[in-house]
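Visitor: what follows is a protein structure lacking sequence information:
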């Protein structure tokens, strides 16, 4: 014997599926294959100064680049941001890191800002800079191989910290 009356659970599941489909309906048409990458983009995130943040930064940058049709930068950008994040987390453990990804004019720019304070003693400042550069040997090799540039600079006043950056050309 079959029950022909509506089943309340099945009826709810069908109506909630319809509601969910309506809620997920895109307002903007989806990205079309062959569409040009954006003329510019800018993303940023703040991560804890922990070694595991390197994996988060790597995944976030890969996702951003894929979402905007910039896959050509994916490998060097992911290596660069994970190397910067891991190294800077070691230099300023427990302090937040700020990661920025920008693309303008066919150049990808990555910046990782840490809260490592400037040293008052010039000798200590020089040694710290050398230590940072040595720790970023893999970054240097990848950026050079891709025809890019990288560097380190102090944060603009009144902020404290250090900005490490990478640019990768098309």
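Guide: That came in fine, so what should we check first? Because the structure is predicted, anything quoted here is derived from the model rather than measured.
Visitor: just the element for the residue most central in space within the chain, please.
Guide: In the chain, the C-alpha nearest the mean C-alpha coordinate belongs to residue 61, at 3.6 Å (Cα atoms, centre = their mean). Here residue 61 sits within helix 53-67, counting by DSSP states H and E.
Visitor: now the strands for this structure?
Guide: Secondary structure of the chain (DSSP state E): strands located at 40-47, 97-104, 107-114, 149-154, 162-169.
Visitor: quick one: closest of these to residue 137.
Guide: Closest approach to residue 137 among these is made by strand 149-154 (11.4 Å; Cβ to Cβ). Just so you know, the C-beta spots here come from the backbone N, C-alpha and C atoms, and that holds for glycine as well.
Visitor: ok, the nearest residue to residue 56 once chain neighbours are set aside - contacts?
Guide: Excluding its sequence neighbours, the residue lying closest to residue 56 (Cβ to Cβ, 6 or more residues apart in numbering) is residue 47, at 5.9 Å. Contacts for residue 47 (Cβ atoms under 8 Å, 6 or more residues apart in numbering) come out as 53, 56, 57, 85, 96, 97, 98, 99.
Visitor: now, of those, which are buried?
Guide: Neighbour counting with 16 or more other Cβ atoms under 10 Å marks 53, 56, 57, 85, 97, 98, 99 as buried within the contacts of residue 47.
Visitor: what about the last one, distance to residue 131?
Guide: With the distance defined as Cβ to Cβ, to the nearest Å, residue 99 ends up 21 Å from residue 131.
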